[in-house]
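In: build me a model:
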Amino acid sequence: MAGKYIFWDLETTGKGKKASPTSFGQSPNWEQILQVGAIVADESLQATNKTMDEFCRLRTSVIPQPGALLTTGRGIRSVLQAKHSSYDLISLINKTFKEWKDESSNAVFIGHNSIEFDESVLEYNLFNNLFSPYITRPNRGDTLNLARGMYSLNPSSMTIGSNEKGSQIFRLGVLAELNGLPVESAHDALSDVRTTISLAKFIHDADPETWKQLELTMNGEQASSYVNQHKGFCCINYWFGKIQMQALSMVCESKYKGWYHTFDLKHDPEPLLEANLEDFKKLIKKKNRYVICNKNPILFSGKLDDGV
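Out: Sure thing, here's the model as predicted:
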């Protein structure tokens with residue numbers, strides 16, 4: 001039977017670079033992929049014998065961040081002498097992921113922090129090599145989101161880390177260590193994939209009913225249906241080192257498919273309902289919260305369905 005889940009991870013030349021001197025934060029888009037690890041798991045989250053563990057040479061136009069090489073433990077000689085060229089590796093990823101995806105119509109791609117980092121790197125590398133970039137869609141999940149969702153809904157289900165500022169830490173290695181999950185070699189792509197599978201199974205086994213709710217939004221269309229069918233719902237986000245739980249109500253879909261303008265119900269909606277068009281635009285801009293349905297948002301109904 002074809003596996004339902006495709007767990008994957010990338011090791012790259014760095015964490016990202018600023019798009020411009022005035023940009024806020026870093027963009028991972030232009031990093032080169034140095035290693036890919038992937039394992040197909042069945043519907044019970046058991047790893048199958050379908051695996052991928054490949055490296056490639058550093059492109060001559062790329063200077064890796066020293067911290068990235070220190071993190072992965074790979075020296076400059078190693079990344080210069082790998083068997084595959086960068087193009088060969090991207091071609092192999094495209095071919096293998098497509099074959100695995102075609103074997104199961106509902107296959108879900110899952111990584112840890114993959115939606116914000118790994119997918120951006122993969123999509124740009126695929127596009128730059130003339131392949132269709134969105135190979136991991138429409139079904140994709142992220143154990144970083146899942147762990148935050150599980151902890152917020154059932155805090156006793158797992159132990160998380162924290163730093164000296166009190167920020168909640170959900171890094172893969174930290175969660176694995178604190179919850180007794182196996183770690184073979186941190187920041188090796190295939191080892192991280194095995195740890196990610198263990199984390200997903202840990203979350204599933206801790207609370208199967210909550211897992212079903214978390215899994216629902218791995219499909220963007222199902223997440224969109226959920227937003228449209230509920231008058232109000234709760235959404236879990238992570239800002240400034242803390243999980244934030246918000247009560248929201250959908251206003252309308254934005255110009256981007258699957259991106260919804262929602263109203264934060266901690267504010268009084270009456271001024272919004274009574275406003276003319278121009279005032280409405282100003283007010284919704286201040287109170288607006290986006291729900292992006294193809295990024296595995298953590299949504300649940302709470303008590304809102306009874307009273308909103």
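
In: can we go C-alpha only for contacts and neighbour counts from here?
Out: Noted.

In: quick one, helices of the protein?
Out: 66-72, 76-80, 86-103, 119-128, 143-153, 172-178, 189-206, 208-216, 220-229, 270-274, 277-287, 304-307 (DSSP state H).

In: tabulate the ones you listed (CSV), appending distance to N294 and mean pLDDT.
Out: Converted to CSV, those look like this (distance: least, C-alpha to C-alpha, whole Å; pLDDT from 0 to 100):
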stretch, distance to N294, mean pLDDT
helix 66-72, 29, 63
helix 76-80, 34, 67
helix 86-103, 17, 95
helix 119-128, 12, 94
helix 143-153, 13, 93
helix 172-178, 22, 94
helix 189-206, 19, 95
helix 208-216, 11, 88
helix 220-229, 4, 92
helix 270-274, 27, 82
helix 277-287, 22, 77
helix 304-307, 23, 40
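
In: which of those sits closest to I135?
Out: Taking C-alpha to C-alpha as the criterion, I135 comes closest to helix 86-103 out of the helices of the chain, the separation being 7.0 Å.

In: identify the residues contacting the closest one?
Out: 2-3, 6, 32-34, 36, 40, 54-59, 107, 125-126, 129, 131, 135-136 (C-alpha atoms under 8 Å, 6 or more residues apart in numbering).

In: if you set the cut-off to 7 Å instead, what comes out?
Out: By C-alpha atoms under 7 Å, 6 or more residues apart in numbering, the list of residues contacting helix 86-103 from outside reads A2, C56, R57, R59, A107, L126, N129, I135.

In: quick one: contacts for the residue most central in space within the chain?
Out: Here the mean C-alpha position of the chain is nearest to the C-alpha of I115 (C-alpha atoms, centre = their mean), at a distance of 3.0 Å. Under the criterion of C-alpha under 7 Å, 6+ apart, the contact list for I115 reads D142, K295.

In: again, only using 10 Å
Out: F109, V121, T136, R140, G141, D142, T143, L144, N145, N294, K295, N296 (C-alpha atoms under 10 Å, 6 or more residues apart in numbering).

In: okay, now the domains of this protein?
Out: 1-208, 217-307 (automatic domain parsing).

In: circling back to that earlier point, would you check which pair of the contacts of helix 86-103 lies furthest apart?
Out: A2 and R59 (35.1 Å).

In: that older thread, out of the helices of the chain, which comes closest to W259?
Out: Proximity to W259 (C-alpha to C-alpha) singles out helix 220-229 among the helices of the chain, at 8.5 Å.

In: alpha carbons of that closest one, in CSV - could you do that?
Out: Included here for helix 220-229 are C-alpha records, laid out as CSV according to Å, rounded to 0.1, in the frame of the first residue of the first chain:
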residue,chain,number,x,y,z
GLY,A,220,-5.8,23.8,2.0
GLU,A,221,-9.3,23.2,0.5
GLN,A,222,-10.5,21.5,3.7
ALA,A,223,-9.1,24.4,5.8
SER,A,224,-10.9,26.9,3.5
SER,A,225,-14.1,25.0,4.0
TYR,A,226,-13.7,25.0,7.7
VAL,A,227,-13.2,28.8,7.8
ASN,A,228,-16.3,29.3,5.6
GLN,A,229,-18.5,26.9,7.5
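
In: please spell out which residues along that helix are buried.
Out: By 16 or more other C-alpha atoms under 10 Å, the buried positions in helix 220-229 come out as G220, E221, Q222, A223, S224, Y226, V227, N228.

In: what does stretch 95-105 give?
Out: For stretch 95-105, burial by neighbour count (16+ other C-alpha under 10 Å) applies to F97, W100, K101.

In: before we move on, back to that, can you redo the contacts of helix 86-103 as CSV with distance to N179 and neighbour count?
Out: Output for the contacts of helix 86-103, formatted as CSV (distance: C-alpha to C-alpha, whole Å; neighbours: other C-alpha atoms under 10 Å):
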residue, distance to N179, neighbour count
A2, 30, 17
C56, 33, 23
R57, 36, 23
R59, 39, 16
A107, 27, 24
L126, 35, 19
N129, 40, 15
I135, 32, 19
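
In: reformat the residues you listed as TSV; add distance to F170.
Out: Compiled in TSV, the contacts of helix 86-103 are given as follows (distance: C-alpha to C-alpha, whole Å):
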residue	distance to F170
A2	30
C56	29
R57	31
R59	32
A107	25
L126	28
N129	33
I135	26
